[in-house]
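>>> when you get a sec, could you give me coordinates for this:
(2 chains)
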Amino acid sequence: EAEVAQSPRYKITEKSQAVAFWCDPISGHATLYWYRQILGQGPELLVQFQDESVVDDSQLPKDRFSAERLKGVDSTLKIQPAELGDSAMYLCASSFGPDTYEQYFGPGTRLTVT
Amino acid sequence: GENVEQHPSTLSVQEGDSAVIKCTYSDSASNYFPWYKQELGKGPQLIIDIRSNVGEKKDQRIAVTLNKTAKHFSLHITETQPEDSAVYFCAASRGADFGNEKLTFGTGTRLTIIP
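From the prediction side, this is the model:
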């Protein structure tokens, strides 16, 4: 069964450092999402890509967060500098593309900022 | 924007009994309502979903109902088993409305099945 891959699974970093997360969506999925999940809450969308283009990044804190999907396949989410409040689970999801509904999530990257 | 409320936040049921989780949404344009199961340390797993053109959908022990007029939808799990223990999230979106597919999640329900 095809799955969304994410790495690393866990990351501990000190505040003010840079950190990056990687996501490989299900093969053939054109739409890719990054969500952030704070402990005890539901995921919240940070950024949505359609192929290599950003569709929605209205909730992405652009002063410190950046995301790219250069070739329209895998994607990287970066935080620089990391702050204590960034500690959360970062989830990647993908869907087949426009006119589809179902989103499938990866295992996530648990970030702890000390 | 969309706001999704979910109740209860915790639910304990005896093994074999049924569990019901309820959600309400605010955006009348929402037309897609998935349910996710999240186990500790894992990403959310899509378990069932419903679109606005139907009122009920069933998959073995799991069913979802939707009342568009009242803007609420529910997850029903029958004959619960220990492996059903997890956190369940409801969500809503405008489905295939390009650029509006983002899921807005509820706050989650921690379901515990008591053997």
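
>>> and for the closest residue to chain A within chain B, the neighbour number?
Chain A sits closest to residue B:105 of chain B, with a gap of 2.8 Å, by C-beta to the nearest C-beta. Yep, even glycine has a C-beta here, placed from its N, CA and C like the rest. Here the number of neighbours of residue B:105 (other C-beta atoms under 10 Å in any protein chain shown) works out to 25.

>>> nearest residue to residue A:86 in space, ignoring adjacent ones along the chain?
The shortest distance from residue A:86 to any non-neighbouring residue, by C-beta to C-beta, 6 or more residues apart in numbering or on different chains, is to residue A:113 (5.2 Å).

>>> thinking again about what came up before, wait, the residue of chain B closest to chain A sits on residue B:87?
No - with contact defined as C-beta atoms under 8 Å, residue B:105 does not reach residue B:87; the gap is 11.0 Å.

>>> quick revisit: list the contacts for the residue lying closest to the residue of chain B closest to chain A once chain neighbours are set aside?
Leaving aside its chain neighbours, residue B:105 sits nearest to residue A:42 (2.8 Å; criterion: C-beta to C-beta, 6+ apart). Contact analysis of residue A:42 by C-beta atoms under 8 Å, 6 or more residues apart in numbering or on different chains lists B:4, B:89, B:91, B:105, B:106, B:107, B:108.

>>> now, those residues that are in strands?
B:4, B:89, B:91, B:105 (DSSP state E).

>>> can you put those residues in JSON lines and add pLDDT?
Formatted as JSON lines, the ones in strands among the contacts of residue A:42 follow (pLDDT from 0 to 100):
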{"residue": "B:4", "pLDDT": "97"}
{"residue": "B:89", "pLDDT": "98"}
{"residue": "B:91", "pLDDT": "98"}
{"residue": "B:105", "pLDDT": "97"}
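
>>> pull the most distant pair out of those.
The most widely separated members of the ones in strands among the contacts of residue A:42, counting by C-beta to C-beta, are B:4 and B:89 (9.1 Å).

>>> what sits in contact with each of those two?
With C-beta under 8 Å, 6+ apart as the test, residue B:4 and residue B:89 both reach A:42, B:105, B:106.

>>> returning to that earlier point: what's opposite the residue of chain B closest to chain A in the beta bridge?
Beta bridges link residue B:105 to residue B:91, judged by DSSP bridges.

>>> OK, contacts around it?
Residue B:105 neighbours (C-beta under 8 Å, 6+ apart): A:41, A:42, A:43, A:44, B:4, B:36, B:89, B:90, B:91.

>>> how near is the residue sitting nearest the centre point of chain A to residue B:97?
Among the residues of chain A, the one closest to the centroid is residue A:34, at 3.0 Å (C-alpha atoms, centre = their mean). Counting by C-beta to C-beta, to the nearest Å, the gap from residue A:34 to residue B:97 is 20 Å.

>>> measure the closest residue in space to residue A:41 that isn't next to it in sequence to residue A:3 for me?
Distance criterion C-beta to C-beta, 6+ apart; nearest residue to residue A:41, sequence neighbours excluded, is residue B:107 at 6.1 Å. According to C-beta to C-beta, residue B:107 stands 26 Å off from residue A:3.
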